[in-house]
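Trainee: I would like to see how this sequence folds:
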Amino acid sequence: MFPGVHAASTPDKPAVIMAGSGRTITYRELDENSARLARVLHDLGLRTGDVIAMLSDNAPECFEIYWAALRSGLYVTAINRHLTPAEAAYIVEDCDAKVVFASAGVGELADAVQNLVPGVEQWLAFGGDVAGYRSYADSLAGAGERLEEQPRGSDMLYSSGTTGRPKGIKPPLLPISVDQPGDPLTMAVGKLFGINESDIYLSPAPVYHAAPLRWCGAVQAYGGTVVMMEKFGAEDMLRAIEQYRITATQVVPTMFVRLLQLPAEVRDRYDISSLRLAVHAAAPCPPEVKSAMLEWWGPILVEYYGSTEGNGLAVITSAESEKKPGSVGRSMLGPVHICDDAGALLPAGEVGTVYFERETLPFTYHKDPDKTAAAQHPEHPAWTAVGDLGYLDEDGYLFLTDRKSFVIISGGVNIYPQEVENILTLHPAIFDVAVIGVPDQEMGQQVKAVVQLQPGIPGSDETAAEIVEYARERVAHYKAPKTVDFVDSLPRTATGKLVKRELEQLYTASPR
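Mentor: Next up, the predicted model:
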């Protein structure tokens with residue numbers, strides 16, 4: 001359950017391989033370097049519960065830093081490298097980081113952040129020089145003797161900030177050492193998804209995000225090999241699957257869409273027969289997209305619904321998806337409840353806030369007790385919600401409708417944008433789409449589709465009318481877009497999540 005175990009049994013086995021460059025770190029190197037770094041951090045005065053921060057592109061050193069934190073009883077905060085200097089500096093300061101690690105690949109951002117947060121005690125850079133940062137490699141080379149293992153540390157990641165300023169999600173530290181079983185995510189990855197030492201796992205997403213970081217760590221805990229893409233590209237992903245004989249991967253639905261948009265001759269060019277598991281998460285997958293992927297890849301798709309908060313987990317297999325299209329599955333970490341705004345339980349089929357029940361409070365928001373309290377059920381403090389709306393069917397399968405903050409209220413009727421986006425996603429003229437509510441003097445809000453078209457498709461009135469009619473044929477007329485705007489691109493995070501806040505602010509400030 002820890003790289004040190006695998007360093008003893010399979011020292012030369014790759015723990016991580018960079019898909020593009022082929023750069024490799026073995027289990028021996030991962031164990032030795034994370035142990036050296038743990039010693040460096042200890043000698044710098046860090047103790048159980050302290051925080052380190054990591055600002056990096058996708059690089060293998062990220063896992064040395066991650067495992068050094070876990071074996072030292074520290075929290076590690078991975079920071080989105082696409083943030084502005086001020087946004088990244090806010091997280092560094094808010095998380096109380098005592099040490100910041102940065103890669104030379106984001107050197108310009110790292111330099112700017114250092115100038116904005118003077119209170120950090122130590123700054124270390126890897127992969128090259130960054131002005132004002134000590135050498136990561138030199139620090140490891142000068143490390144003292146290996147320490148005894150400390151209580152297990154954890155990540156403390158920040159929400160994506162798609163609906164406001166990000167907040168740190170702080171789980172309690174577990175009373176186990178790093179090589180003992182008991183971490184819920186690691187156990188779930190093995191028990192529910194069958195990950196083991198024979199797997200070669202492809203990670204196409206940014207390592208600062210919760211799922212890539214945690215899943216890669218879990219694969220390494222079991223002794224598998226992580227193949228990490230420098231950045232996602234649809235054809236690059238197929239190439240990596242063939243080259244490294246990938247057995248398991250995890251994607252977001254947007255990546256499925258990009259894969260399906262490849263020409264058929266490109267898709268057929270690559271051998272993906274080694275894949276036994278394709279996990280998808282982070283956003284609801286449109287049923288049409290899942291159906292197309294099942295036809296192409298076969299019944300190897302498994303969807304899960306969870307959150308960075310780690311408050312719950314629902315899972316659905318390919319076979320179940322065929323019987324329950326659109327569902328994200330049944331809860332695997334305790335009961336799930338659907339409640340109205342007052343906290344009252346709702347019957348099957350009625351939409352409300354999704355709460356997961358746990359025995360104890362699974363997380364807190366760092367320095368924000370009010371937001372922590374807002375996530376808790378008014379009568380059951382160990383029931384928590386992260387703002388998603390959905391319903392349960394009579395068999396206990398969970399269906400998500402949308403984020404509470406994205407619901408459009410038109411003439412007093414709730415409209416869930418995700419439903420409309422799902423049916424527009426595979427429209428042949430559309431490359432990307434977002435559905436939002438915009439001000440309407442009569443109805444309060446009206447439905448607008450903001451569309452990025454496929455190359456060569458004109459953004460004409462005729463195209464807009466065709467998209468509206470396409471939607472009206474598939475959903476109730478009141479749900480269909482009243483208007484369509486065409487844009488060059490939509491604001492998405494690097495993990496594929498729409499940043500609807502930016503679109504909504506644009507249209508609120510300047511209705512169109």
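Trainee: who does the strand or helix carrying Met54 pair up with?
Mentor: Using DSSP states H and E, Met54 falls within strand 51-55. In the sheet, strand 51-55 lines up against strand 75-79 (parallel), strand 97-103 (parallel) (DSSP bridges).
Trainee: out of those strands, which is closest to Ala374?
Mentor: Of all the strands paired with strand 51-55, strand 75-79 sits nearest to Ala374, with 22.1 Å by CB to CB. Where C-beta positions appear, they are placed from N, C-alpha and C, glycine not excepted.
Trainee: need the CA coordinates for the closest one. PDB is fine.
Mentor: C-alpha atoms of strand 75-79 as PDB (Å, rounded to 0.1, in the frame of the first residue of the first chain):
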ATOM      1  CA  TYR A  75      -1.100  18.400   3.900                       C
ATOM      2  CA  VAL A  76      -0.200  19.000   0.300                       C
ATOM      3  CA  THR A  77      -2.100  21.700  -1.700                       C
ATOM      4  CA  ALA A  78      -1.800  21.300  -5.500                       C
ATOM      5  CA  ILE A  79      -2.500  24.600  -7.300                       C
END
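Trainee: run the chain-centre distance for the strand holding Met54.
Mentor: 18 Å (CA atoms, centre = their mean, to the nearest Å).
Trainee: gap between Pro378 and Ala342?
Mentor: Between Pro378 and Ala342 the distance is 7 Å, computed by CB to CB, to the nearest Å.
Trainee: equivalent analysis for Arg403, please.
Mentor: Taking CB to CB, one finds Arg403 at 20 Å from Ala342.
Trainee: now do the same contact list for Tyr507.
Mentor: Applying CB atoms under 8 Å, 6 or more residues apart in numbering to Tyr507 gives the contacts Ile436, Val438, Pro439, Lys448.
Trainee: did I read that right, it in a strand?
Mentor: No: using DSSP: H, G, I helix; E, B strand; the rest coil, the assignment for Tyr507 is helix, not a strand.
Trainee: where does it land on pLDDT?
Mentor: Confidence at Tyr507, expressed as pLDDT, is 78.
Trainee: how about Leu498?
Mentor: Confidence for Leu498, expressed as pLDDT, is 77.
Trainee: try Val386
Mentor: Confidence score, pLDDT, at Val386: 90.
Trainee: hmm, back to that, which of Pro378 and Ala342 has more residues huddled nearby?
Mentor: The neighbour comparison of Pro378 against Ala342 (other CB atoms under 10 Å) goes to Pro378, with 12 against 7.
Trainee: distance check, that one against Tyr355.
Mentor: Taken as CB to CB, the span from Pro378 to Tyr355 is 10 Å.
Trainee: all strands of the stretch 201-350 of the chain, in order?
Mentor: Secondary structure of the stretch 201-350 of the chain (DSSP state E, counting those that start in this stretch): strands at 225-228, 248-251, 277-280, 301-305, 314-317, 330-331, 336-339.
Trainee: got these as TSV, with mean neighbour count columns?
Mentor: Output for the strands of the stretch 201-350 of the chain, formatted as TSV (neighbours: other CB atoms under 10 Å):
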stretch	mean neighbour count
strand 225-228	25
strand 248-251	25
strand 277-280	21
strand 301-305	22
strand 314-317	20
strand 330-331	19
strand 336-339	21
